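Chemist: make a model of this:
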Amino acid sequence: MRGLEPVPSGEITPLPTYLNRRALVQAALAVGSLGATGAIYRRLNRPGVAELDTPELAVVGAPPASRGTPADASAAFRVDEPMTPASSVSGYNNFYEFTTDKEGVAEAARGFAARPWQVAVGGMVQKPRTFDIDALRKAFPTEERVYRMRCVEAWSMVIPWAGFPLASLLKTVEPMGGARYVAFETLLAPDRMPGQRRRVLDWPYVEGLRIDEAMHPLTLIAVGLFGRELPPQNGAPLRLVVPWKYGFKGIKSIVKITVTAEQPPTTWNAQAPHEYGFFANVNPEVDHPRWSQATEQRIGESGRRRTLPFNGYAEQVAHLYSGMDLRMNF
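Modeler: Next comes the predicted model:
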């Protein structure tokens, strides 16, 4: 099993734009067709995605904004694969609070104000607190982590996030002994997030982790990417990043974090429990009911690649699920 290794410098994937949701599902089903793969690649690499234009961050070891190479951060938090360009990461994204159109989410989120912003951290903790976003940023220095991101729709990226370990925040509020889970909630503001005016999902978006998952060193609260602040379409001003889980676990624009003894509801699990499990660990042996999870389309590559258990982080996280049936607890 390959672990986390440094990213070679100077390797950047080509600039792509992307297929819509239906075409991506079709791509996942077309694994055996070389002709289909070639057509998919050509469509995935159309030019014209806007560049990232958010303010620079004070990031430990961050690369210059004009360079797509990784920072000199700990090799424990970097993968040995080329990074997806910032223009691609910010140009195509799922964020239903704004729109269900991946290619239109950047425009739909344009002008979204991520300040002022507060996040309440409470529940089963000794020291509940409400943090202003700027105070939170000062309290927890920002570092860079280059992680794989695997969407449940069978496409993937490699992204240099900027943020701080969720464990650092949780330790500050001192979870109680009976705490077993951590719940998260997105901003509910239909006047600012037009997608919430439609009952596409049950708003607000909610997510959750077991507390051992939340405290794992890989689990990140991201405030930026590519050395710049998160743009609205990527979850400004802060989002969850859990790299061994499917991307829908990465809740965006967080306003509430609650430590609890009970497993919290999560939006996609409530929407379709037979398709989206609470754990949502990347598992190539457990297919989505409508497509295979055995392979993925890495954005910028011409062919499909084999999906790795736990998205390639098995050496770091597999022990968290020792003894569990990962087909039942998917």
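
Chemist: how about Arg78, nearest residue that isn't a chain neighbour?
Modeler: In space, and not counting its chain neighbours, Arg78 is closest to Val146: 4.4 Å by CB to CB, 6 or more residues apart in numbering. In short, each C-beta sits where N, CA and C put it, glycine included.

Chemist: show me what the helix or strand where that neighbour lies is packed up against.
Modeler: Secondary structure from DSSP states H and E places Val146 in strand 143-150. The helices and strands touching strand 143-150, judged by 3 or more CB pairs under 8 Å, 6 or more residues apart in numbering; DSSP states H and E, are strand 155-165, strand 239-241.

Chemist: one step back: looking at it, the residue nearest to Arg78 is touching Pro82, isn't it?
Modeler: No. Using CB atoms under 8 Å, Val146 makes no contact with Pro82, being 10.3 Å away.

Chemist: show me which of those two is the more surrounded one.
Modeler: Neighbours of Val146 and Pro82, each counted by other CB atoms under 10 Å, are more numerous for Val146; the result is 23 against 19.

Chemist: wait, what's in contact with the residue nearest the centre of the chain?
Modeler: By CA atoms, centre = their mean, the mean C-alpha position of the chain lies nearest to Gly250, the distance being 4.1 Å. The neighbourhood of Gly250, defined by CB atoms under 8 Å, 6 or more residues apart in numbering, consists of Met149, Gly235, Arg239, Leu240, Val241, Val242.

Chemist: farthest pair within those?
Modeler: The two members of these with the most space between them (CB to CB) are Gly235 and Val242, at 13.1 Å.

Chemist: tell me which element Gly122 is part of?
Modeler: For Gly122, the host element (DSSP H and E) is strand 118-123.

Chemist: from the middle of its chain, how far away would that strand be?
Modeler: Mean C-alpha position of strand 118-123 versus that of the full chain (CA atoms, centre = their mean, to the nearest Å) differs by 21 Å.

Chemist: for the stretch 101-250 of the chain, just list every one of the helices.
Modeler: All helices of the stretch 101-250 of the chain, identified by DSSP state H, counting those that start in this stretch, fall at 105-108, 133-139, 166-173, 211-214.

Chemist: count of neighbours near Pro260?
Modeler: Wrong residue type there; residue 260 is Thr, not Pro. 18.

Chemist: could you do Ala139 as well?
Modeler: If we define neighbours as other CB under 10 Å, then Ala139 has 14 of them.
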